[in-house]
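# Next comes the sequence, and after it the predicted model I'd like to discuss.
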Amino acid sequence: MQRFNFPVVQPDPALEELRADLQAFLMAERDAGNFKPEPECWMASADPEFSKKMGKRGWIGLTWSSQYGGHDKSALERYIVTEETLRAGAPVGAHWIADRQHAPMLIAHGSEAQKLDILPRIAAGECYFAIGLSEPGAGSDLTNVKTSAEKVNDGWKINGQKVWSSGAHISHYMVALLRTSPADGRNRHVGLSQIMIDLSLPGVTIKPIVDLSGDAHFNEVYFEDVIVPEDCLLGDEGGGWAQVTGELAMERSGPERFLSSYITLETALRQLSGKMGSDSHARLGKLIANLRTLKGMSWAIANLLDQGVSPETEAALVKDLGNRLENDLTLQVRALLNDLPSEDWSPDMRRIMNIGVLRSPPNTLRGGTTEVMRGITARQLGLR
Amino acid sequence: MINTEGMVAETASKIYTDLCGREVPHQAEAGEYPQALWDALQENGLPLAWVGEANGGFGADYDETFGAIWASAQAASPVPFAETLIANWMLDRAGLAPADGTASFALSGHTPSADIPFGMHAAKIVLFDEAHQEISLFDNRLAVRSAEEALSPDGMTQFIFSGHLAEQSAKTSLSRRSVEALILTVRAVQMAAAMETALNLSIDYVCQREQFGRPLSKFQAIQQQLAVAASECAAATMAATQAASAIARHADDPEQAWHEAVIAKVQIGHSVEAVTVPFHQVHGAMGYTQEYDLHHYTRRLWAWRDALGNEYHWSKRLGEELSRQSPDQIWKGVTTGDWVAS
């Protein structure tokens, strides 16, 4: 009996055709100057025009039914698309979260009218979503959310504040975890619900938060007596906690957890074009071994998810390993370049390295901090 | 996951469960060789799993034989099962009959003398001589028994080839990379199994051992250490699985599995420190005793990470090879496991 479930997946030639199409498109877009490659592009590089191009080619909404504007493909095809766009450092940040997370949520819990209205727009790369989990008093301790939704005649009345909402300033909707009834004494997991909020409604105020690099891709979002229709409750009233933890578990093992900085390595390889000393060979060999192993783990989980299995332990492990690798990768790439003074780096190398360093701190925070992830693993090992 | 289904894996697993309980590795180190364990493996033909039918074996799938190796490493096998499998595979690939008992192996890069894994208990030594494209069989009674400190009980004895006549020799079409790919993959599977077993021991220990009025497992500092170690163990399982799968996929030309095998060596070799340190740390002084089981696994991990060159050696070889490749070729390898040789 083995503890960890990572099945071997045999190669599928059809997926490689899709990969080749993606590569051709991305290279053409980059060479035409339509984007500059960046690390952490899925979080911090948003370009609605680029998202619409992806949508036109059928590369958003791959996994859902054509009845809702999707493309009836598997999660594995979606994986190839995400992997290739990360490698290219393409500006996919606008549609990423809606495609990954909120469309599947709507398919599971939305009304027929919502699905018909919203899903085709997401697939077209025209409709974006923000995550509404953290609050000033609720970060890792997510059960402490205070923003409330109160039942009123024509739906739900929302009051409170969310924070660190990436992309909220360009998003059309937020799915927020809200308190719909008081906590039951010390059991604070009850009384939480997920509600979809149209961010154009009166009473919604979005204020940018400038990060340490000067970018403003995340936001504070305030709600003052915002009224949303009744059917904006997604899933069960009071069932929000279980829904959120289930979602988080599943988004933790994707390629964005370990390939977001790959562009930095590839740029360095192009810059060095084979001219490396033996210490650099050793660094490169180890990095590639780590990347290949994580790809195997992440891909095995994607295949299990596609078969309806939810390997939560393995997903948490991938996030921890992947985050550590991403931060190590930037460091190792700097070492690979040790024979070349940074003054001699190409402008692309310098730009990408600097962005990579500046965007590295949130890697081990978003989607569950390293400490929280290790706590989850410890629980699953039977230690707590 | 290493495939543990199929006749070879299931038979080996049963034999190890029945005949290699936790006391057996202790007894073996005290000088009581578990002959019954070896006899059972041999009677069931398991050391011949990778020998073709023409040479008296049963040409089992690579895949399920890796499951048998996993079972042997979980039990801290005191008999050279994996080594004999490799030695017989080399003989078979030169058209030679398999050894009639225990065997181990050496690669010509290390001659005229070579350190032989499990040299104490292998009756025969199979040498892969790259320069002459030859496989030769030697009698291990000619080996120099070294009294030097070995990392693990299945450690090395030195064999001096020059001056000794091979019992048999034959040409082989095996490339050095094919031999490396198989040996590295076998070691990767053993190491992943040993890591997981040592993780299980550590989890059991911290759940039972109480200090400051509560089990060690309730301390966050302990939980976080073991969570990190678990992630390394999971990665080791994955790396071993990918290498084993590449060998199985390229059964006719194991050289094609070289990159995935080297990756497993590098990944797992670098993880050894990251797991053995916390495993020993959470066990306290108990883990440092001969009486307790942990060292059966940690000592083997320390020995296996050195075998056939350590993880730094292989990181360098892999990186050197990749430095000659285009970014597109490297990306294809990382994402699909489809590597080109350069």
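Done, it's in. Numbering: from 1, shown residues only, chains lettered A, B, ... in the order given.
# Please identify the buried residues of stretch A:210-226?
A:217-223, A:226 (16 or more other CB atoms under 10 Å in any protein chain shown). In this view, the C-beta of every residue, glycine as well, is placed from N, C-alpha and C.
# for the stretch 151-300 of chain A, what spans make up the strands?
A:155-163, A:173-179, A:192-198, A:204-209, A:218-228, A:233-234 (DSSP state E, counting those that start in this stretch).
# do you know which of those lies nearest residue A:295?
strand A:218-228 (28.3 Å; CB to CB).
# CA atoms only: put the closest one into PDB for me.
C-alpha atoms of strand A:218-228 as PDB (Å, rounded to 0.1, in the frame of the first residue of the first chain):
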ATOM      1  CA  PHE A 218      -5.400  43.900  -6.300                       C
ATOM      2  CA  ASN A 219      -8.100  45.900  -4.500                       C
ATOM      3  CA  GLU A 220     -10.200  46.700  -1.500                       C
ATOM      4  CA  VAL A 221     -13.900  46.200  -2.300                       C
ATOM      5  CA  TYR A 222     -16.600  47.900  -0.100                       C
ATOM      6  CA  PHE A 223     -20.300  47.000   0.000                       C
ATOM      7  CA  GLU A 224     -22.800  49.400   1.300                       C
ATOM      8  CA  ASP A 225     -26.400  48.100   1.300                       C
ATOM      9  CA  VAL A 226     -25.800  46.300  -2.000                       C
ATOM     10  CA  ILE A 227     -28.900  44.300  -3.100                       C
ATOM     11  CA  VAL A 228     -28.400  41.200  -5.200                       C
END
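# any idea of the angle that strand forms with strand A:192-198?
Angle of strand A:218-228 versus strand A:192-198, following axes from the mean of the first three to the mean of the last three CA atoms, to 10 degrees, is 90 degrees.
# Strand A:218-228 - what's its average pLDDT?
Averaged over strand A:218-228, pLDDT sits at 97.
# Stretch B:8-22 too?
Summarised as a single mean, pLDDT over stretch B:8-22 is 97.
# what's the answer for stretch A:99-114, then?
For stretch A:99-114, the per-residue pLDDT averages 94.
# Can you give me the buried ones in it?
Buried residues in stretch A:99-114 (16+ other CB under 10 Å): A:99-107, A:109-110, A:114.
# what's the answer for stretch A:344-355, then?
Using 16+ other CB under 10 Å as the test for burial, stretch A:344-355 gives A:345, A:349, A:352-353, A:355.
# how far is it from where the chain is centred?
25 Å (CA atoms, centre = their mean, to the nearest Å).
# Can you confirm whether it lies near chain B?
No. Stretch A:344-355 does not reach chain B (CB under 8 Å from any CB of the partner chain); its nearest approach is 13.2 Å.
# which outside residues touch that stretch?
By CB atoms under 8 Å, 6 or more residues apart in numbering or on different chains, the list of residues contacting stretch A:344-355 from outside reads A:36-40, A:89, A:213, A:263-264, A:267-268, A:271, A:330, A:333-334, A:337, A:342.
# Can I have the buried ones of those as a PyMOL selection?
Buried subset of the contacts of stretch A:344-355, written as a PyMOL selection, criterion 16+ other CB under 10 Å:
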select buried, chain A and resi 37+38+39+40+89+263+264+267+268+271+330+333+337
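# and residue B:87, that's in a strand?
No. Under DSSP: H, G, I helix; E, B strand; the rest coil, residue B:87 sits outside any strand and is assigned helix.
# And the nearest residue to it once chain neighbours are set aside, its phi and psi?
Excluding the flanking residues, the one nearest residue B:87 by CB to CB, 6 or more residues apart in numbering or on different chains is residue B:103, at 3.6 Å. Main-chain torsions, residue B:103, degrees, to the nearest 10: phi -150, psi 160.
# And residue A:135, by the same measure?
According to degrees, to the nearest 10, residue A:135 has phi -140, psi 170.
# what's the neighbour count on it?
Neighbour count of residue A:135, defined by other CB atoms under 10 Å in any protein chain shown: 22.
# Next up, the contacts around it.
Residue A:135 neighbours (CB under 8 Å, 6+ apart): A:144-147, A:160-163.
# Sort out which of those residues are buried, if you could.
Of the contacts of residue A:135, these count as buried by 16+ other CB under 10 Å: A:145, A:147, A:160-163.
# Which of the helices and strands in chain A ranks last by mean pLDDT?
Scoring the helices and strands of chain A by mean pLDDT, DSSP states H and E places helix A:240-251 at the bottom, with a mean of 82.
# tell me what it is packed against?
Judged by 3 or more CB pairs under 8 Å, 6 or more residues apart in numbering or on different chains; DSSP states H and E, helix A:240-251 is in contact with helix A:103-109, strand A:173-179, strand A:192-198, helix A:312-336.
# how much distance is there from it to the middle of the chain?
13 Å.
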